[in-house]
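# Prediction below, plus the sequence it came from.
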Amino acid sequence: MNTIKKVSLFIPLVLLALVSCNTENKDKKTIVKYAKELHSFAQPNISAINHLSLDVNVDFNTEVISGKATYTIENNNASEIVLDTKFLDIEKVEADGKDTTFKLGKFDEQLGQSLTIDIENDTKTVSVYYKTTDKTEALQWLNPQQTADKTHPFLFTQGQAILTRTWIPIQDSPQIRITYDATVKVPNELMAVMSAENPKTKSDNGVYTFKMEQPISPYLMALAVGNIEYKAVSERTGVYAEKSMIDKAHYEFSDMEKMVAAAENLYGDYDWDQFDVIVLPPSFPFGGMENPRLTFATPTVIAGDKSLTSLIAHELAHSWSGNLVTNATWDDFWLNEGFTVYFEIRIMEALYGKDRANMIALISRQDLDEEIESFKEEPHRTKLKLDLKGKNPDDGMNSIAYDKGYLFLRTLEETVGREKFDAFLKSYFKTHAFSTVTTEKFIDYLNTNLLEPNQVTFNTEEWIYQPGIPSNQAKISSDKFANAEKTLHQFLESDTIDVSITKDWTTLEWVHFVRNFPETMTAKDMARLDEAFDLSNATNSHIAMVWFEQAINLDYHGNAVDQNIEDFLIRVGRRWYVNTLFKAFERNGKTEEALAIYKKSRDNYHSVTVNTIDELLGISN
Ligand code: BES
Ligand code: ZN
């Protein structure tokens, strides 16, 4: 039966009432609660999941997660329910505890396979018995050598954007919201944590139970298993890490409570009770991932001096923009990330002042210029609202959503004034808490609640639907960066360098200094800098990364920099770093070198990093 008809015939009154208040009733047949979704096979308007009970075993020997996922469903008089799966072995399916029939759809490279389960019109639960396979894209199984302590194996998941379906059969669309509970069995000596209420100590038998009582989108389902421990920072914040990292992590993130307090002060209560961070092994493909209650983080942010903690502010900010108010589809990804960068920078300003906030903003501004330049042949990719039809959402996940999104919101703030803008954002989060928002719904809310009441005209549509940067963009400047540029020029013009000038520089000034070498800069100049500052051995991962990039650009080979680049690329799997360096090799005609290193490093990377670098280096698999 055709979907639309089925919806209009059987949709219950409650649902109708729910949707008709915010959906324009132009065509009766199109009244639906869930917007059209390009990246999920699920048909939630017919039957949607709303609670998951997960009962799984994590086997490190076979590298398989197996068990049962039981869903409570919102059944709109349906005869089937459709879940997303990818690379899963489905063994058996039950409806209300009785075996039922199911079929797997045609395999799609990006989306995987639909799992269509036959149900009765009054079925309340379905259970899927399944196993993950070695093709799983969410999971990375690490051997002890790939961890900090090197004594035990480790496992972590990465769900965003559409990878949760590779470890749990699920309706994998951000518009779906579920609460969950889980029972996870792991080897005795390991501890399991999830994006849920978590244990603080190891259990005796390797069994852990979890509860997530606030409804979350499936991309936020997360699990990590390793020989980890917990150390509290405050009553509601703390860190998980391996033994050799726990004190370092605890020191680095000691401002966590202050960050949560500052965030609440800006945009309303923290709705998730607990905010913890787990420091993962270095192959974790992102800087951070905002899994609710438990941010997953790369160890490369542990610089020893708290200089890279804006990443924690960023993932915390997602507790509002992303986890509480969620992009409805991946075309609206900028609603998650643009708002989060804006919020991150506001938290940093509240804690550390305008100087630091503006330096972060200016780095974002430069990243935006670089990204726009990189898309000069495909300007449509610089639009905030994406069109990911037929594409993997990962393809849209570049700096545009982050940095153009940020610039748009900062420009709005400067246009209407901070006070009004803050009040607007606070009510935006409150009004849409635990729901999803499309770009269009946001524009509507903006017009009705900020622009029209204040009689402000603003080129919102240009910012969101046109390529490039509108001319009314906010101007961002930093005296500290201007000073770093001056120092760079003095250094290039004279033979000596006054090291004392840089004595109080923060990481951001160093990053700016290194990123802004002029055209005339040579490998010899880099050698002189290296002699003064030993940048080839920088222990700060961000400074090291930009320095390595310049070494590749300028053919600089002194001070063991080549070996350090190779070691870095083998150890660290953070996609942004790895991609930046491999792109530099490519751009400078050094594909051979890139391939030689990649041969040694690829096995250490998570699938999302592998996919990006395979494509960059033209490797087909
Ligand atoms: N949610 C993202 C990570 C992500 C994006 C995963 C898209 C999968 C698909 C996370 O919040 C993020 O933006 N991380 C950044 C850090 C940040 C400070 C900009 C990262 O990993 O670099
Ligand atoms: Zn983010």
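Received it, and whenever you're ready, just let me know what you need. Ligands and ions are numbered 1, 2, ... in the order given.

# Residue 128 is in contact with residue 83, isn't it?
Yes - counting by Cβ atoms under 8 Å, residue 128 touches residue 83, with 7.1 Å between them. C-beta: built from backbone N, CA, C; applies to glycine.

# higher neighbour count, the two?
Neighbour totals were compared for residue 128 and residue 83, and residue 83 leads with 27 against 23 (other Cβ atoms under 10 Å).

# At the contact with ligand 1, which residues of the chain appear?
Residues of the chain lying close to ligand 1 by Cβ under 6 Å from any ligand atom are 160-161, 286-290, 311, 314-315, 318, 337, 397, 402, 576.

# Farthest-apart pair in these, please.
Spatially, the most separated pair among the residues of the chain next to ligand 1 is 161 and 311, at 19.2 Å (Cβ to Cβ).

# From the residues of the chain next to ligand 1, which shows the smallest pLDDT?
pLDDT across the residues of the chain next to ligand 1 is lowest for residue 397, at 90.

# To which secondary structure element is the residue lying closest to that residue once chain neighbours are set aside assigned?
Sequence neighbours aside, residue 333 is the residue nearest to residue 397 in space, at 6.4 Å (criterion: Cβ to Cβ, 6 or more residues apart in numbering). In the assignment (DSSP states H and E), residue 333 maps to helix 333-352.

# what packs against that helix?
On a contact count with 3 or more Cβ pairs under 8 Å, 6 or more residues apart in numbering; DSSP states H and E, helix 333-352 meets helix 256-267, helix 310-317, strand 325-327, helix 354-374, helix 405-416, helix 439-446.

# For the last one, give me every contacting residue.
By Cβ atoms under 8 Å, 6 or more residues apart in numbering, the residues outside helix 439-446 that reach it are 22, 328, 331-332, 334-335, 384-385, 412, 424, 428, 431-432, 437, 460-461, 464.

# Assign a three-state SS to the most far-flung residue of the chain relative to its centre, would you?
Distance to the chain centre peaks in the chain at residue 495, reaching 44.5 Å (criterion: Cα atoms, centre = their mean). The three-state label given to residue 495 by DSSP: H, G, I helix; E, B strand; the rest coil is coil.

# For it, give its distance to ligand 2.
According to Cβ to the ion, to the nearest Å, residue 495 stands 44 Å off from ligand 2.

# Near ligand 2, which residues of the chain are found?
337, 340 (Cβ under 5 Å from the ion).

# Let me see the contact set for the closest residue to ligand 1 within the stretch 301-450 of the chain.
At 3.9 Å from ligand 1, residue 314 is the closest residue in the stretch 301-450 of the chain, using Cβ to the nearest ligand atom. Neighbouring residues of residue 314 by Cβ under 8 Å, 6+ apart: 287, 288, 340, 341, 344.

# Spit out the contact partners of the spatially most central residue of the chain.
Closest residue to the average C-alpha location of the chain: residue 289 at 4.5 Å, with Cα atoms, centre = their mean. In this structure, residue 289 makes contact with 158, 160, 222, 295, 296, 297, 315, judged by Cβ under 8 Å, 6+ apart.

# try 6 Å this time
residue 296 (Cβ atoms under 6 Å, 6 or more residues apart in numbering).

# Just say helix, strand or coil for residue 462.
Residue 462 ends up helix, using three-state DSSP.

# Can you give me the neighbour number for it?
Close neighbours of residue 462, defined as other Cβ under 10 Å, add up to 15.

# How about residue 134?
10.

# and what of the one 10 residues further on?
For residue 144, the tally of surrounding residues (other Cβ under 10 Å) stands at 13.

# Also residue 593?
Residue 593, neighbours per other Cβ under 10 Å, totals 17.

# In a helix, it, correct?
Yes - assessed with three-state DSSP, residue 593 lies in a helix.

# picking up where we left off before, which of the helices and strands packed on helix 333-352 has the highest mean neighbour count?
Of all these, helix 310-317 carries the top mean neighbour count, a mean of 25, counting by mean count of other Cβ atoms under 10 Å.

# surely residue 349 meets residue 357?
Yes - at 3.6 Å, residue 349 counts as touching residue 357 under the criterion of Cβ atoms under 6 Å.

# residues in contact with residue 401?
Counting by Cβ under 6 Å, 6+ apart, residue 401 has contacts 333, 334, 337, 338.

# Can you say which two of those are spatially most distant?
333 and 338 (8.7 Å).

# Any regions of the chain where pLDDT drops low?
For the chain, the stretches flagged by pLDDT under 70 are 1-31, 621.

# Domain-wise, how is it divided?
Here the domain assignment for the chain is 1-130+158-220, 227-319, 325-465, 479-617, based on automatic domain parsing.

# Just checking the distance from the last one to the centre of its chain.
It refers to domain 479-617. Per Cα atoms, centre = their mean, to the nearest Å, the displacement of domain 479-617 from the mean C-alpha position of its chain is 24 Å.

# cool, and the shortest one?
Between the mean C-alpha point of domain 227-319 and the mean C-alpha point of its chain there is a distance of 14 Å (Cα atoms, centre = their mean).

# ends of that domain, how far apart?
27 Å (Cα to Cα, to the nearest Å).

# before we move on, back to that, from the contacts of residue 401, pick the one nearest residue 565.
Distances from residue 565 to these, taken by Cβ to Cβ, are shortest for residue 337, at 28.5 Å.

# how about that closest one, what does it touch?
Here residue 337 is in contact with 401, 402, 405 (criterion: Cβ under 6 Å, 6+ apart).

# Then residue 266?
Residue 266 neighbours (Cβ under 6 Å, 6+ apart): residue 346.

# Could you do residue 563 as well?
Here residue 563 is in contact with no residues (criterion: Cβ under 6 Å, 6+ apart).

# And the residue of the stretch 101-250 of the chain closest to ligand 1?
Closest point on the stretch 101-250 of the chain to ligand 1, by Cβ to the nearest ligand atom, is residue 160, at 3.7 Å.

# need the contact list for that residue.
Taking Cβ under 6 Å, 6+ apart as the test, what residue 160 contacts is residue 219.

# Can you pull the phi/psi pair for it?
Here is the backbone geometry of residue 160 (degrees, to the nearest 10): phi -70, psi 140.

# ok, now the one 10 residues further on?
Here is the backbone geometry of residue 170 (degrees, to the nearest 10): phi -160, psi 160.

# Isn't it up against residue 217?
No - Residue 170 is not in contact with residue 217 according to Cβ under 6 Å; the separation is 10.2 Å.

# one step back: neighbour-wise, which of residue 333 and residue 338 wins?
residue 333 (27 against 24).

# give the contact list for the more buried one.
Counting by Cβ under 6 Å, 6+ apart, residue 333 makes contact with 327, 396, 401.

# Among those, which one lies nearest to ligand 2?
The nearest member of the contacts of residue 333 to ligand 2, counting by Cβ to the ion, is residue 401 at 8.8 Å.

# Quick check: the gap between the closest one and residue 573.
22 Å (Cβ to Cβ, to the nearest Å).

# same check, this time on residue 304
21 Å.

# Looking at those two, which one has more neighbours?
Neighbour comparison, residue 304 and residue 573: the larger count goes to residue 573, with 28 against 11 (by other Cβ under 10 Å).

# ok so that one is a strand residue?
No - read with three-state DSSP, residue 573 is coil and lies in no strand.

# Is it in contact with residue 602, as I believe?
No - proximity of residue 573 to residue 602 does not meet the contact threshold set by Cβ under 6 Å, at 9.8 Å.
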